[in-house]
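Asks: need the 3D shape of this:
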Amino acid sequence: MCGQFIDPLAVLENEKRTRDHLPPAAFFPKSLRKQGVFQNLDTLPTHYGCNNTHKEDEEYVARAMALFVGDQTSMGNALLQEFVNQLKKEPGKASVTGGIMDSVSEKHPSGISVPPSKLVVQVDALKLQNVMWKIARGIFFKHFDSVLPEDKDFYIQYYPPPDVQLPEQVEKFLGLSPTVRTSNPKVFIYKYGLFNQQGIIAHLMFFFFWDCFIVYILFHAFECKCEDCLSNDAVKVARGKLISVIKMISNKNKTCKMGPTFQER
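Replies: Residues are numbered from 1 along each chain as shown. Below you'll find the predicted structure:
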């Protein structure tokens, strides 16, 4: 994933070859993994050090997302139950799980209380973004056998359940993008399309986690010759022309039936 050669004879631990799961192994309920429910998990070659760097963020994101999918699908419920069991086992431990619960509140950051049946979960946006971009880079490698730079500019948006409402233009791209089935579609499938609109050539990815949580990622193609790409103006690409072209509507706050409200921090 770093783009560097993987030496099969490497001696240093961090340089040794390993396999990175796509999506991360943390997204697959461990109890079901032990039962052999999941077969032939999709993987990509990587360095041990590169893979291990993201492990804690992957566990955090899987646990945080479990709060939104636990009452949506059987797979989501299994993931949430694993989270709950871990909380019972380590109630006072400063762990990834405990860190998530520290961000749960009965009020919005603005101080407004939510209904008694709801909770506000402030998700670490950087960790969520890093993990989703890592998955996107893995998919790109899978399709093109080429490394997508980690520092490449991209746009990302999240649509958690239960009331997923996609902007009209995004819905259009979703319908046009072909679906790519994975080895375990109840955990993860994705749509991937390459579009040319108003002179912008862009890759669009839609991730479907546990059949209910949608993540949308867009980034310009290497061959894109738009003004922003030619000038390499990252700020304009991320905040200006790109967003206006796809008419993306901010959708950061979503309420889940089981309780939490999605909130980035």
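Asks: and the gap between Phe173 and Thr179?
Replies: Separation of Phe173 from Thr179 (C-beta to C-beta, to the nearest Å) stands at 13 Å. C-beta: built from backbone N, CA, C; applies to glycine.
Asks: more neighbours, the two?
Replies: Phe173 (20 against 12; other C-beta atoms under 10 Å).
Asks: grab the nearest non-local neighbour of that one.
Replies: Take Phe173 and drop its neighbours on the chain: the residue closest to it by C-beta to C-beta, 6 or more residues apart in numbering is Leu204, 5.3 Å away.
Asks: is the one you found in contact with Ala221, as I believe?
Replies: No - with contact defined as C-beta atoms under 8 Å, Leu204 does not reach Ala221; the gap is 10.5 Å.
Asks: now the common contact residues for these two.
Replies: Residues touching both Leu204 and Ala221 (C-beta atoms under 8 Å, 6 or more residues apart in numbering): Leu194.
Asks: more neighbours: which of those two?
Replies: Comparing Leu204 with Ala221 by other C-beta under 10 Å, the one with more neighbours is Leu204, at 20 against 15.
Asks: OK, contacts around the more buried one?
Replies: Listed by C-beta under 8 Å, 6+ apart, the contact partners of Leu204 are Phe173, Ser177, Lys191, Tyr192, Gly193, Leu194, Phe195, Tyr216, Ile217, Leu218.
Asks: check which helix or strand the closest residue to Lys127 other than its chain neighbours maps to.
Replies: Spatial nearest neighbour of Lys127, excluding adjacent residues (C-beta to C-beta, 6+ apart): Asp57 at 4.5 Å. Assigned by DSSP states H and E, Asp57 belongs to helix 55-69.
Asks: quick one: mean pLDDT for that helix?
Replies: Throughout helix 55-69, pLDDT has a mean value of 89.
Asks: then it to CSV, C-alphas only?
Replies: Extracted in CSV, the C-alpha atoms of helix 55-69 (Å, rounded to 0.1, in the frame of the first residue of the first chain):
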residue,chain,number,x,y,z
LYS,A,55,-5.0,-1.5,13.2
GLU,A,56,-6.2,0.7,16.1
ASP,A,57,-8.1,3.0,13.8
GLU,A,58,-9.8,0.1,12.1
GLU,A,59,-11.0,-1.3,15.4
TYR,A,60,-12.2,2.1,16.5
VAL,A,61,-14.2,2.6,13.2
ALA,A,62,-15.7,-0.8,13.3
ARG,A,63,-16.9,-0.4,16.9
ALA,A,64,-18.2,3.1,16.2
MET,A,65,-20.1,2.1,13.1
ALA,A,66,-21.6,-0.9,15.0
LEU,A,67,-23.7,1.6,17.0
PHE,A,68,-25.5,2.6,13.9
VAL,A,69,-26.0,-0.8,12.3
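Asks: what's the burial count for the residue nearest to Lys127?
Replies: When neighbours are counted by other C-beta under 10 Å, Asp57 registers 20.
Asks: please apply the same query to Lys186.
Replies: Neighbour count of Lys186, defined by other C-beta under 10 Å: 17.
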